Structure formats: structure tokens, C-alpha cells
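Visitor: I need the structure of the sequence given here:
(one chain, ligands or ions: 1)
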Amino acid sequence: MKTLIAYGTRYGATEKAAKRLAEFIGEDAQLFNLKKDDLKSLNLDDYEAVAIGGSIYAGNIQRRVKKFCEENMGALLEKRLGLFLCCGDVERADEQLVTVFEDELVDKVDAKGYFGYEYDFKKMNFLFKLVIKMMAKVNESKSEINEENIKSFAEEFISV
Ligand SMILES: Cc1cc2nc3c(=O)[nH]c(=O)nc-3n(C[C@H](O)[C@H](O)[C@H](O)COP(=O)(O)O)c2cc1C
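Guide: The predicted structure is shown next:
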């Protein structure tokens with residue numbers, strides 16, 4: 001089953017998770033960075049399955065992810081559909097996923113995934129570091145990408 005993994009990322013955590021997902025799915029998976037790759041080169045007719053993901057900043061997902069969903073809603077509802085998130089608030093991951101993606105997609109979704117998070121203090125600006133120190137009580141870089149969750153998402157997503 002030809003599968004597109006379309007994602008948004010700011011500091012690379014979601015990209016790392018999306019790449020692991022592509023490895024678990026195998027050779028039929030193709031990665032697409034919604035911020036960097038050329039949307040004109042993308043034809044959703046080429047794919048039977050689409051997984052869409054992004055990360056959360058102050059309760060929102062990347063604008064490009066939202067725009068991609070809105071502009072392709074009709075086509076996405078025809079596919080096998082996966083939605084995933086990277087975010088620091090583990091307890092609220094499921095709630096945030098339901099909030100940031102459109103209701104039509106959440107109602108139709110075949111696999112939902114929480115793929116963990118990263119805080120990269122080398123890449124973050126001063127303000128973001130301050131926010132993370134105060135809100136998450138984390139003072140140094142941390143990587144908590146959740147391999148198990150990515151693997152079980154992949155299994156659920158491609159088992160038709
Ligand atoms: C300034 C800032 C705000 C954030 N806000 C939230 C938030 O509201 N909810 C949450 O669960 N995680 C939040 N996070 C955690 C990110 O979602 C997490 O670091 C994620 O792994 C980033 O992925 P990316 O590198 O792909 O963008 C925040 C992180 C930063 C730096």
C-alpha cells in the first residue's frame with residue numbers, strides 16, 4: 001500500500017519520529033516535509049494511505065499542517081488515514097490531537113499516534129528555553145521519542 005507521511009516540524013523531533021515510522025512501514029512509505037518540500041510535486045492520487053503529523057506549540061499544530069488538511073480534506077477522507085503528534089504534555093496528547101485536527105478527519109481516522117517529544121536546547125531560542133524551563137521544569141536537552149508507540153501505530157495503520 002503506497003503510503004505518504006506528511007509532517008510539520010520546528011526543531012526536528014517530528015521529522016525524526018516520521019522517519020522511524022517510514023522505517024517501520026517499509027519501502028512503500030514516502031516522507032514529505034510540509035514546510036520544505038514542494039507541494040506542487042505532490043499528487044495524493046498516488047497514495048492509498050496518508051499519515052499526517054506535527055508538533056504542538058502553545059496548544060497549536062503547525063499552520064502548514066492545518067492548511068494541508070483543509071485544502072485536501074476531500075481526498076484525505078478517501079484514504080486510509082493516520083494522524084500523529086509530537087508534544088511535551090503526555091497526559092494531554094490525545095486531547096490535543098483531537099483538538100488540532102479537523103473534526104471530519106478525527107471522525108474518520110484509522111490510526112491515531114502519540115510519538116513522544118524532544119527539547120533541543122541547542123536549537124531553541126532564549127524565550128523558548130525559558131518557557132520550557134518554567135513550564136516543563138526541564139533544564140537541558142531531552143529526547144523522549146516513543147519507539148513503541150510509533151511501531152504500534154505503524155502496525156495498526158498498515159493492517160487493513
Ligand atoms: C515554546 C514551546 C511551546 C510548547 N508548547 C507545547 C504545548 O502547548 N503542548 C505540548 O504538549 N507541548 C508543547 N511543546 C513541546 C513540543 O511540542 C515538543 O518539544 C515537540 O517535540 C517539538 O517537536 P518538533 O521539534 O518536531 O517541532 C512546546 C515546546 C516549546 C519549545
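Visitor: all helices of this structure, in order?
Guide: Here the chain has its helices, by DSSP state H, at 13-25, 63-71, 73-76, 93-100, 103-108, 126-135, 147-158.
Visitor: how big is the angle separating the longest strand seen in the chain from helix 93-100?
Guide: Determined from DSSP state E, the single longest strand within the chain is strand 49-57. Counting by axes from the mean of the first three to the mean of the last three Cα atoms, to 10 degrees, strand 49-57 lies at 100 degrees to helix 93-100.
Visitor: can you show me the CA trace of strand 49-57 as PDB?
Guide: Only the C-alpha atoms of strand 49-57 are listed here, as PDB (Å, rounded to 0.1, in the frame of the first residue of the first chain):
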ATOM      1  CA  ALA A  49      -2.700   5.800   2.700                       C
ATOM      2  CA  VAL A  50      -1.800   9.100   4.300                       C
ATOM      3  CA  ALA A  51      -0.300   9.700   7.700                       C
ATOM      4  CA  ILE A  52      -0.300  13.400   8.800                       C
ATOM      5  CA  GLY A  53       1.600  14.700  11.800                       C
ATOM      6  CA  GLY A  54       3.100  17.700  13.500                       C
ATOM      7  CA  SER A  55       4.100  19.100  16.900                       C
ATOM      8  CA  ILE A  56       2.400  21.300  19.400                       C
ATOM      9  CA  TYR A  57       3.400  24.800  20.300                       C
END
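Visitor: check whether it comes near the ligand.
Guide: Yes: using Cβ under 6 Å from any ligand atom, strand 49-57 reaches the ligand at S55, I56, Y57. Yep, even glycine has a C-beta here, placed from its N, CA and C like the rest.
Visitor: thought the second one was touching E95?
Guide: I take that to be I56. No: taking Cβ atoms under 8 Å as the definition, I56 is not a contact partner of E95, at 10.7 Å.
Visitor: who has more neighbours out of these two?
Guide: Taking other Cβ atoms under 10 Å, I56 and E95 do not tie; I56 has more neighbours (21 against 10).
Visitor: next, the contact list for the more buried one, please.
Guide: L85, C86, C87, G88, D89, Q96, V100 (Cβ atoms under 8 Å, 6 or more residues apart in numbering).
Visitor: buried subset of these as a PyMOL selection?
Guide: The buried residues among the contacts of I56 can be selected in PyMOL (16 or more other Cβ atoms under 10 Å) with this line:
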select buried, resi 85+86+87+88+96+100
